[in-house]
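Visitor: I'll drop the sequence and a predicted model, then ask my questions.
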Amino acid sequence: MKTAIAIIGDYDPAFAPHRATDAALAHAASALGFDMASTWLPTASLDARDAQEALASFSGLWVAPGSPYQSMQGALRAIRFARENGVPLLGTCGGFQHIILEYARHVLGFADATHAEYDPYASNLFISRLACSLVGRALEISLQPESLVARTYGTTAATEQYYCNFGVNPNCAALLTSGELAVVGSDAEGEVRVVELRDHPFFVGTLFVPQLRSQAENPHPLVMGFLRAAGHTQKME
């Protein structure tokens with residue numbers, strides 16, 4: 001049986017992180033010996049209320065870079081589906097940012113939480129422009145030792161590459177620690193770089209783009225962990 005993965009995003013073959021997402025999944029599937037099939041789901045296709053039917057046919061969801069998405073609501077609907085139904089989810093770069101938005105809106109109760117890419121003058125920006133662009137930069141990340149992410153890496157420190165200009169608004173960071181979404185990775189300045197949801201098979205968001213570091217002979221551990229969780233979830237269905 002194939003392990004079916006949905007990649008949530010608006011695919012652009014000229015965008016390096018999109019090509020890297022496909023490649024990283026292939027690297028991990030080969031290393032794990034999985035028969036895996038991945039499908040890109042445009043965010044606009046998930047804007048309808050019956051989108052859950054399409055999402056339910058997949059064992060794992062990866063919310064890819066590339067925001068602003070054609071449909072913010074479509075991306076948020078996919079993230080909420082994974083969060084509420086125990087479906088393994090990995091969100092990278094824009095995916096991370098929208099994990100924060102979905103959680104702020106539907107768990108913390110900030111219905112107007114938004115992203116500066118969509119509305120830079122909004123009053124409740126949970127995602128704001130970074131003081132310094134991280135595009136093309138590789139920085140060290142510190143991971144919480146007890147976290148699923150640290151266990152997946154097998155270490156509490158990693159160096160990862162970024163492709164973004166937006167991140168968690170520092171004024172909102174403390175709010176994220178009030179619930180089940182845990183901040184488990186930060187940079188040298190203490191800025192939020194990795195989150196995970198407690199008591200979920202695999203629900204991880206990274207501001208960095210791990211797929212850019214994946215190689216056929218050395219698949220990225222987070223992608224391996226995500227795909228392994230998706231395969232395990234599939235066997236339990």
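Guide: Looks like it arrived, so ask away.

Visitor: rest of the way, CA atoms for contacts and neighbours
Guide: Will do.

Visitor: how about the strands of this structure, start to end?
Guide: Listed in chain order, the strands of the chain (DSSP state E) span 3-8, 36-41, 60-63, 89-92, 114-115, 125-129, 138-143, 157-161, 166-168, 181-186, 192-197, 203-206.

Visitor: paired strands for the shortest one, with orientation please.
Guide: Using DSSP bridges, strand 114-115 pairs in its sheet with strand 125-129 (parallel).

Visitor: now the strands of the chain as JSON lines including mean pLDDT?
Guide: Shown next, in JSON lines, are the strands of the chain (pLDDT from 0 to 100):
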{"stretch": "strand 3-8", "mean pLDDT": "97"}
{"stretch": "strand 36-41", "mean pLDDT": "97"}
{"stretch": "strand 60-63", "mean pLDDT": "98"}
{"stretch": "strand 89-92", "mean pLDDT": "98"}
{"stretch": "strand 114-115", "mean pLDDT": "96"}
{"stretch": "strand 125-129", "mean pLDDT": "95"}
{"stretch": "strand 138-143", "mean pLDDT": "96"}
{"stretch": "strand 157-161", "mean pLDDT": "96"}
{"stretch": "strand 166-168", "mean pLDDT": "96"}
{"stretch": "strand 181-186", "mean pLDDT": "96"}
{"stretch": "strand 192-197", "mean pLDDT": "97"}
{"stretch": "strand 203-206", "mean pLDDT": "98"}
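
Visitor: what lies in contact with stretch 95-110?
Guide: With contacts defined as CA atoms under 8 Å, 6 or more residues apart in numbering, stretch 95-110 is touched by 62-65, 75-76, 79-80, 91, 111-115, 126-127, 166-168, 176, 179, 181, 194, 204-207.

Visitor: could you flag which of those are buried?
Guide: Members of the contacts of stretch 95-110 that pass the buried threshold by neighbour count (16 or more other CA atoms under 10 Å) are listed as 62-65, 75-76, 79-80, 91, 113-115, 126-127, 166-168, 176, 181, 194, 204-207.

Visitor: ok, now which ones touch the most centrally placed residue in the chain?
Guide: The central residue of the chain, meaning the one whose C-alpha is nearest the mean C-alpha position (CA atoms, centre = their mean), is Gly91 at 0.7 Å. Applying CA under 8 Å, 6+ apart, one finds that Gly91 lies in contact with 62-64, 99, 204-206.

Visitor: how about those residues, which pair is most distant?
Guide: Using CA to CA, those span at most 12.3 Å, a distance reached by Ala64 and Val204.

Visitor: where does the chain dip in pLDDT?
Guide: Low-confidence regions of the chain, defined here as pLDDT under 70, cover residues 234-237.

Visitor: show me the residues around Ile8 that make contact.
Guide: Ile8 is in contact with 40-43, 61-64, 75, 78, counting by CA under 8 Å, 6+ apart.

Visitor: skipping adjacent residues, who's closest to it in space?
Guide: Distances taken as CA to CA, 6 or more residues apart in numbering place Val63 nearest to Ile8, at 4.6 Å, with adjacent residues excluded.

Visitor: what's the answer for Tyr11, then?
Guide: The spatial neighbour of Tyr11 that comes closest, neighbours along the chain excluded (CA to CA, 6+ apart), is His18 at 6.5 Å.

Visitor: from Val149, how far out is that neighbour?
Guide: When CA to CA, to the nearest Å is applied, the distance between His18 and Val149 equals 22 Å.

Visitor: these two: which has the busier surroundings?
Guide: The neighbour count for His18 versus Val149, taken as other CA atoms under 10 Å, is higher for Val149 (26 against 22).

Visitor: does that one touch Leu222 like I think?
Guide: Yes - taking contacts as CA atoms under 8 Å, Val149 lies within contact range of Leu222: 7.3 Å.
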